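> Requesting a structural model of the entry that follows:
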Amino acid sequence: MKNFKLPKIGLRNLKTALAVSLCMITFKAFHRTDSFYACIACVVCMKDTVYNSFHMGKNRLIGTFLGGLLGILFIYLSTLIPLLFNITSLITGLGIIIAIYVCTLLNKPASVTICCIVFISIIVNHPGKASYSYAIGRCIDTAIGIIIAVFINKFIHPPKEKIF
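Reported below is the predicted structural model:
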């Protein structure tokens, strides 16, 4: 126990906290009600290099957009064919297959997870017309969080880019 030292709080730790705080302040200033998804994007996108932050943000935004689009499409189809509301579990499974397939077709494997998560959140939590505004809001909120994280990583003591 004599040689035990607590690690220092690192710069990325502090920049992540700053990004989340700035995100919450931005949402409050623009009277947006829920900064949750934007704050998650800040945490996920704060990486060891600016390039990695940007790359993660791009994949997260693509996945969010595709998942939102597929969620809206499936909700729309279920309003045309009311029977689909009764078999939500099968429709959700089919949607996951399509989400993964679309990301694969677009050569965006890093977007698959968030695409599926957004799709499921729309189908399970936001059936009906509210899903449209939820999907659009989710894309906007995610974009705000990504932009804040990348800008803080780039302009506040930017990390040295790794050269391979």
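
> Tell me how many other residues surround the nearest residue to residue 46 once chain neighbours are set aside.
Leaving aside its chain neighbours, residue 46 sits nearest to residue 16 (4.4 Å; criterion: Cβ to Cβ, 6 or more residues apart in numbering). For every residue, glycine as well, the C-beta is placed using N, CA and C. Neighbours of residue 16 under the rule other Cβ atoms under 10 Å: 21.

> Need the contact partners of the helix or strand hosting residue 16.
Taking DSSP states H and E as the criterion, residue 16 maps to helix 11-29. Residues from elsewhere that reach helix 11-29 (Cβ atoms under 8 Å, 6 or more residues apart in numbering): 32-35, 38-39, 42-43, 46, 48, 144-145, 148-149, 152-153, 156-157, 159.

> So which elements touch the helix or strand hosting residue 61?
For residue 61, the host element (DSSP H and E) is helix 50-80. Applying 3 or more Cβ pairs under 8 Å, 6 or more residues apart in numbering; DSSP states H and E, one finds that helix 50-80 contacts helix 36-45, helix 83-86, helix 88-105, helix 112-125, helix 130-155.

> Any idea which of those helices gets closest to residue 74?
helix 88-105 (5.3 Å; Cβ to Cβ).

> Local confidence estimate at the residue nearest to residue 46?
Residue 16 is assigned 97 on the pLDDT scale.

> Against residue 153, how distant is it?
Separation of residue 16 from residue 153 (Cβ to Cβ, to the nearest Å) stands at 9 Å.

> before we move on, what about residue 31?
Distance from residue 31 to residue 153, by Cβ to Cβ: 27 Å.

> More neighbours: these two, which one.
A direct count of neighbours by other Cβ under 10 Å for residue 31 and residue 153 places residue 153 higher, at 28 against 6.

> Which residue is the nearest non-sequential neighbour of that one?
residue 53 (4.6 Å).

> what about the one you found, distance to residue 9?
Taking Cβ to Cβ, one finds residue 53 at 19 Å from residue 9.

> more crowded one of those two?
More neighbours surround residue 53 than the other of residue 53 and residue 9, with 27 against 9 (other Cβ under 10 Å).

> My guess is that one contacts residue 42. True?
No - the pair residue 53 and residue 42 fails to qualify as a contact (Cβ atoms under 8 Å) at a distance of 10.0 Å.

> coming back round to it: from the chain's centroid, how far away is the helix holding residue 61?
Distance, stretch centre to chain centre, for helix 50-80: 8 Å (Cα atoms, centre = their mean, to the nearest Å).
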